[in-house]
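Sequence and predicted structure below; questions after.
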Amino acid sequence: MNTTDRTTAPPPLKLADGRPAAAAWSLDPSVKHLNHGSFGAVPLPAQEEQHRLRQCMEASPVKWFPALPRKVAAARNAAARFLRVAADDLALVPNASAGASVVYAGVPERTGGEVVVTDHGYGAVTMGAERMARRWGGLVRTARVPLDADADTAYACVIGALGEKTGLIVLDHITSATARWMPAARIAAEARRRGIPVLVDGAHVPGLVDDPLTDIPCDFWVGNLHKFGCAPRGTAVLVARTGLRDRLHPLIDSWGAPEPFPDRFDTQGTVDATSYLAAPAALGFIEDTWGWEKARTYMRELADHAERIVAEAFSDLTGQDCRVDVGMPVGAMRLVRLPAPLAATRAEADALRDRVGRELGVAAAFTSFGGVGYLRLSTHVYNTAADFEYFAERCVPVLGAWSRER
């Protein structure tokens with residue numbers, strides 16, 4: 001296979017002055033950054049705005065903090081416009097897991113109740129659900145959804161796990177470990193018909209969809225702006241659009257506690273909220289430079305190319321088909337099967353991530369599902385086809401050798 005064949009690769013994006021898109025980031029050029037989906041990457045204009053804001057904070061804390069709630073509210077309004085939701089329905093939180101924790105603390109208690117999750121759920125969010133179920137004296141029921149399930153099958157699997165004791169459904173919008181969509185709109189609609197609250201974990205969604213919450217009648221939705229939205233880390237949203245939102249309170253009680261949702265989230269004492277305030281600079285940079293629609297198209301087309309060449313490289317090496325059918329694929333995130341026994345568990349996947357970074361100079365994501373290891377590819381505007389061609393040509397043979405070490 002000729003992995004340098006660029007016939008399916010989109011041309012790299014450029015800045016207005018002709019420089020490569022990556023010039024707008026401070027990423028180490030000696031590392032191949034193929035894992036935007038885990039922690040994101042902040043463009044320089046947003047970094048500079050956050051630095052300016054911190055200078056203002058440190059120059060006069062007594063002036064800064066009394067005025068901070070108004071500034072947070074303005075940032076919240078900008079996030080709401082980006083996600084196309086009402087500003088009064090959205091609160092800013094540090095990350096999606098923190099938003100889930102807020103929900104777990106506020107959802108009505110149901111003695112002996114069950115929480116339904118899926119086997120694709122994000123570990124920390126599922127752990128929070130387990131802790132809440134223990135408080136209820138109930139349990140977590142896990143819906144098993146095949147990796148290649150289409151929308152109808154995934155819907156049936158989740159709905160089939162519901163029962164009379166179900167007090168909450170926790171559902172990924174995009175799954176982290178398996179890089180696939182879940183039919184959140186259909187599941188939430190059926191849950192509403194049955195009177196069951198729904199929390200949708202959309203951690204990876206902001207930036208990947210123009211109007212992500214349309215037609216999703218969930219009670220709660222959380223999403224990170226610091227992943228594909230490129231905001232400074234520690235910037236996420238909690239959207240609540242039913243009467244249950246009146247039960248939601250920040251994880252930190254502060255002077256805004258008597259205020260209604262979401263205003264009470266705007267006051268968090270002496271927390272450094274500059275990540276919130278600089279988020280509009282990140283979102284605006286992508287829009288002003290390329291436009292979000294063009295950015296999403298580029299990420300999707302680059303992911304198509306990356307998936308093809310990396311899967312073919314592994315397949316040529318192993319003699320097995322390393323392509324992965326995830327049923328409902330995501331535009332900028334893809335899975336490729338690894339040679340066994342690599343990354344068969346989460347601990348092994350994390351160890352492989354660290355080894356690849358240390359020995360091969362590549363920042364990549366490795367995941368495990370059902371005892372099988374996968375490479376999770378994710379793209380952004382600063383990536384180019386050459387990044388993934390390098391991985392296919394230089395790293396795949398090494399991973400193949402590592403798989404034979406045992």
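Cool, the structure landed.

what's Ile174 in contact with, if anything?
180-182, 202-205, 208, 330, 333 (CB atoms under 8 Å, 6 or more residues apart in numbering). (Each C-beta comes from the backbone N, C-alpha and C, glycine too.)

And it, what's its pLDDT?
The model reports Ile174 with a pLDDT of 98.

about what we covered before: dump the contacts of Ile174 to a markdown table, plus distance to Ala311, neighbour count and pLDDT.
Shown next, in a markdown table, are the contacts of Ile174 (distance: CB to CB, whole Å; neighbours: other CB atoms under 10 Å; pLDDT from 0 to 100):
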| residue | distance to Ala311 | neighbour count | pLDDT |
| --- | --- | --- | --- |
| Arg180 | 16 | 24 | 98 |
| Trp181 | 20 | 21 | 98 |
| Met182 | 23 | 27 | 98 |
| Gly202 | 27 | 27 | 98 |
| Ala203 | 25 | 25 | 98 |
| His204 | 21 | 27 | 98 |
| Val205 | 25 | 26 | 98 |
| Leu208 | 21 | 25 | 97 |
| Val330 | 16 | 24 | 97 |
| Met333 | 14 | 29 | 98 |
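
Which ones among those map onto strands?
Met333 (DSSP state E).

Go through the contacts of Ile174 and name the one nearest Val62.
Ala203 (35.9 Å; CB to CB).

ok, that closest one touching Gly223?
Yes: shown here, Ala203 and Gly223 form a contact pair, counting by CB atoms under 8 Å, at 6.2 Å.

Mind listing the shared neighbours of those two?
Both Ala203 and Gly223 are contacted by 96, 173, 236, under the criterion CB under 8 Å, 6+ apart.

Cross-reference these with the helices and report the matches.
Those of the shared contacts of Ala203 and Gly223 mapping onto helices are Ala96, per DSSP state H.

Run through the residues that contact Val356.
362, 364, 366, 395, 399.

Can you pull out the low-pLDDT segments for the stretch 251-400 of the chain?
Scanning the stretch 251-400 of the chain for pLDDT under 70 picks out no residues.

quick one: the strands in it?
All strands of the stretch 251-400 of the chain, identified by DSSP state E, counting those that start in this stretch, fall at 333-337, 362-363, 365-369, 372-378.

Give me the contacts around the second one.
What that stands for is strand 362-363. Contacts for strand 362-363 (CB under 8 Å, 6+ apart): 31-35, 356-357, 390-391, 395.

re earlier: I'd like the strands of the stretch 251-400 of the chain laid out as CSV, including distance to Arg247.
Listed next are the strands of the stretch 251-400 of the chain as CSV, based on distance: least, CB to CB, whole Å:
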stretch, distance to Arg247
strand 333-337, 33
strand 362-363, 40
strand 365-369, 34
strand 372-378, 35
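
what comes up buried for whichever helix in the chain runs longest?
Longest helix in the chain by number of residues (criterion: DSSP H): helix 292-318. For helix 292-318, burial by neighbour count (16 or more other CB atoms under 10 Å) applies to 292, 295-296, 298-315, 317-318.

Likewise for stretch 143-159?
143, 145, 147, 149, 154-155, 157-159.

so of the residues you listed, which ones are in helices?
Reading helices off the buried residues of stretch 143-159 with DSSP H, I get 154-155, 157-159.

so which of the residues you listed comes closest to Val102?
Distance to Val102 across these (CB to CB) is lowest for Val158, with 22.8 Å.

Next up, the contacts around that closest one.
Applying CB under 8 Å, 6+ apart, the residues near Val158 are 116, 118, 143, 145, 169, 171, 182, 187.

what's the burial count for the closest residue to Pro262 other than its chain neighbours?
Once flanking residues are discounted, Pro262 sits nearest to Ala91: 3.6 Å by CB to CB, 6 or more residues apart in numbering. Other residues lying near Ala91 total 28 when counted by other CB atoms under 10 Å.
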